[in-house]
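Participant: Need a 3D model of the sequence below.
(2 chains)
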Amino acid sequence: MPESTTPSLVKSPKVAIIGNPNVGKSTIFNQLTGLNQKIGNYPGVTVDKKTGWMQYHGSSYEIIDLPGTYSLYPNSEDEVIAHRVLNQLSDEERPEFVLMVIDSCQLSRGLFLATQLIDLGLNLALVLNMADIATRKNIAIKSFEIFKALGVPILSTDARGEKGLDQIRELIHQQNFSKKSSFINVEEVVDASLLDEVKDKFQLSNSYQAYQMLRFGEKDKTFSLEDRNWIKTKLAESNFDLDKAQLEETKIRYRKITSIVEKAVIKTPDVKQESGIDKIFLHPVFGYLIFGGILLIIFQAIFAWASVPMDLIDGFFAEFAGWVSDALPDGPFSDLISEGIIPGIGGVVIFIPQIAMLFGFLAILEDTGYMSRVVFLMDRWMRPFGLHGKSIVPLVSGVACAIPGVMAARNIGNWKEKIITIMVTPLMSCSARLPVYVILIGLVVPNERIFGFVNLQALTLLSLYLLGVIGVLFTALLLKSILKTEEKSFLMVELPTYRAPRWLDVLMTMYNKSKTFVFEAGKVILAISVILWVLASYGPPERMDAIRAESEVKLAQASPEEIPVIVNETSSLLLENSFIGIMGRSIEPVIRPLGYDWKIGIALIASFAAREVFVSTIATIYSIGSDTEDELTIREKLNQQINPITGDKVYNTATAFSLMVFYAFAMQCMSTLAVVYRETKGWKWPLIQTVYMTALAYVSALLVYQILS
Amino acid sequence: MFIKADSIPVTRAAIIQEILDSPLKINLMELGFLPGKTITLHHSAPLGGPMAFKLDETILALRKNEASLIEVQLL
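Facilitator: This is a model prediction of the structure:
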């Protein structure tokens, strides 16, 4: 029997769960912790840090869900985290125990990582998950053979079927993890004296950890410059070839693992092949048609279902703001709360239904194994544009809302492909552009059919969506030629066995993604919306006071029927003279060539809060009254606007099309910016994106107006 | 005769002989593409798109470029 040491009981220990991708790690994490989880951030990267608490027999255990990885040699940001935590490089996370989840059908690949963990000297236990699939595939595993070879505790589970979870709880409770000396001898690949020097320098006791330090220390920005230079010098002095050593290690490790697996696994030949479904789903024609059909159903569902909770949220916040405004004594403080902060929070919360639903659908597609098939089908079409097969998820999400789209881009491992995806996703026509399009199309495009069946208005709307797609492809091509990276783009994805989705995991994804959005991006959105509110409600005091005084005189003499008219006129005048109004007037020379007057300028600036604000701002400017939601009223009012200089209609065909094109391309969504800021960890990319998109919008709108007018 | 895995005909099985030198060699090996293993072409995406190989009990998708790093012998 191999030697193993069981550590003395530690008080409320931390347990890290690790495993290859798609082994059911998160299911185990969700089952163990239930709703008792917290999403945080690892410093400096965009990887979510998932921790949770497991309660068992009156004790509490902290569980950390590490991102899936194939080895301790990181290829992506996610894997860097696993590497850092397990090498105990980050100060805050030092798991006492590691629970490694292995797919029973993929024993050797799982053992590859497991034996690296053993070599690191971690307190380990193994879980052979997906026991049910293994049985179905006629694979029998003699776990005792593995135990004999590795010396760490092993459990067999089927987490989807909730089998074996109590054993995991019991194992954690008993702290039945063990540490084994080592699996391979690192000195076979690295010079022993070099390892000793590293061990001395960093006070390490484990040779494999010393080797990992040599491998990654030089690039690790959390190390002091002195330490990094020391490692660099040592590597140069000893003439040590890191890549060769890693290759050698991989070979030795797999050789030893293969001999274990040969003894432990009994496989009876598989009778039925599973490729039947893939024949349809990956078919060169039907595959794409099915994908299109699934997208159609998803968007249909989002548009149909999300509008109900969104209207409720809208109504609730309006009501709440009204109530607060009545309850608090009149004054700037009451206005700030009821008109600035509460609608600001409402503006964050309103996105939750779309984000939650989109991520719910994505989680289902992911969980069933379909999403990697989509990546497989689309990679060929994305690559010429500098995008990755995985970019398809953010892009299609962008049709509903760019926010979840940008959030979904983090799965792309290659930096360049990820940045391009994030930069182009907001160009897809999101649902917030729809109200603007609808009003303007109704104004200038006749509701007629051409060729007897094609509705002109529908055709225009479709063209605007296509315009978004063209914008995406053009921009991606542009960025592809500008951005430089030494990272090699590659696609290596597993196409997992098709399975029914795990509803608990789907719900947890919906909940966690919405929570991340509200708490991370929410702060920025709230701040910007308060600023915008201040700009729109305050102006030079003497002017604002004069307008209010005049309005009161008028109101005192007015008949009851005239009162609403005067109130609407007053708010229109106040907006005109507010800081935003002044800004709108001052940008008029710039937007004049696009066919816009200063009133449209105000709407453009206010739209930065969110595109759909265009409609309500326009309503206020033309004194339609802020409660009016009737599109027809707005349309009639817009139709009556006459340019005082030329005597023509302000909203003629050229201006309306120019505006639509402007809205198609311009970055007018602070929520997207806030999310881009979060996902790229800085203001550089959101700023570039804003400047680029606004420039693209300006030039395109200019062209459209000049050609049409 | 040895060929590269990107020219395996659909549903044909082949034994991996060697993984050619490249920065991606280690990634392929970590995934289990090791000399001596048998792979079968499960599916190929249209117009030179990615290829999905069956390796042990899993299906792994690679681009043609990556597949061409795997030297195999047809069975």
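Participant: Identify the residue spatially nearest to residue A:95, adjacent ones excluded.
Facilitator: Once flanking residues are discounted, residue A:95 sits nearest to residue A:16: 3.7 Å by Cβ to Cβ, 6 or more residues apart in numbering or on different chains. Bear in mind the C-beta positions are built from the backbone N, C-alpha and C, glycine included.
Participant: Tell me the spacing between the residue in the stretch 51-200 of chain A that chain B sits nearest to and residue A:15.
Facilitator: Closest residue of the stretch 51-200 of chain A to chain B, Cβ to the nearest Cβ: residue A:105 (3.9 Å). Shown here: residue A:105 relative to residue A:15, a distance of 25 Å by Cβ to Cβ, to the nearest Å.
Participant: cool, residue B:73 as well?
Facilitator: Residue B:73 is 45 Å from residue A:15, by Cβ to Cβ.
Participant: circling back to that earlier point, now the residue of the stretch 51-200 of chain A closest to chain B, nearest residue through space, not along the chain?
Facilitator: Once flanking residues are discounted, residue A:105 sits nearest to residue B:57: 3.9 Å by Cβ to Cβ, 6+ apart.
Participant: mind listing what the one you found touches?
Facilitator: The contact partners of residue B:57, taken as Cβ atoms under 8 Å, 6 or more residues apart in numbering or on different chains, are A:105, A:106, A:137, A:139.
Participant: one more time with 10 Å, if that's ok
Facilitator: Neighbouring residues of residue B:57 by Cβ atoms under 10 Å, 6 or more residues apart in numbering or on different chains: A:103-107, A:109, A:133-134, A:137, A:139, A:267, A:270, A:274, A:497.
Participant: ok, residue 36 - how many residues close by?
Facilitator: I went with chain A, as the question did not name one. The number of residues packed near residue A:36 is 13, by other Cβ atoms under 10 Å in any protein chain shown.
Participant: was after chain B, sorry
Facilitator: By other Cβ under 10 Å, 9 other residues sit near residue B:36.
Participant: How about residue A:462?
Facilitator: Residue A:462 has 12 neighbours, counted by other Cβ under 10 Å.
Participant: Quickly note the distance from it to residue A:441.
Facilitator: 11 Å.
Participant: Pick out whichever of residue B:73 and residue A:15 has more residues nearby.
Facilitator: Remark: of residue B:73 and residue A:15, residue A:15 carries more neighbours, 22 against 11, as counted by other Cβ under 10 Å.
Participant: residue contacts, the residue of the stretch 51-200 of chain A closest to chain B?
Facilitator: Residue A:105 touches A:23, A:128-131, A:133-134, A:136-137, A:139, A:141, A:265, A:267, A:497, B:56-58, counting by Cβ under 10 Å, 6+ apart.
Participant: Next up, the contacts around residue A:462.
Facilitator: Residue A:462 neighbours (Cβ under 10 Å, 6+ apart): A:454, A:455.
Participant: Check residue A:398 too.
Facilitator: Residues near residue A:398 by Cβ under 10 Å, 6+ apart: A:358, A:404-406, A:408, A:421, A:424-430, A:468-469, A:472, A:672.
Participant: Go again with 7 Å.
Facilitator: Listed by Cβ atoms under 7 Å, 6 or more residues apart in numbering or on different chains, the contact set of residue A:398 reads A:405, A:425, A:426, A:428, A:430.
Participant: mind checking how far the second one is from chain B?
Facilitator: When you say that, I think you mean residue A:425. 22 Å (Cβ to the nearest Cβ, to the nearest Å).
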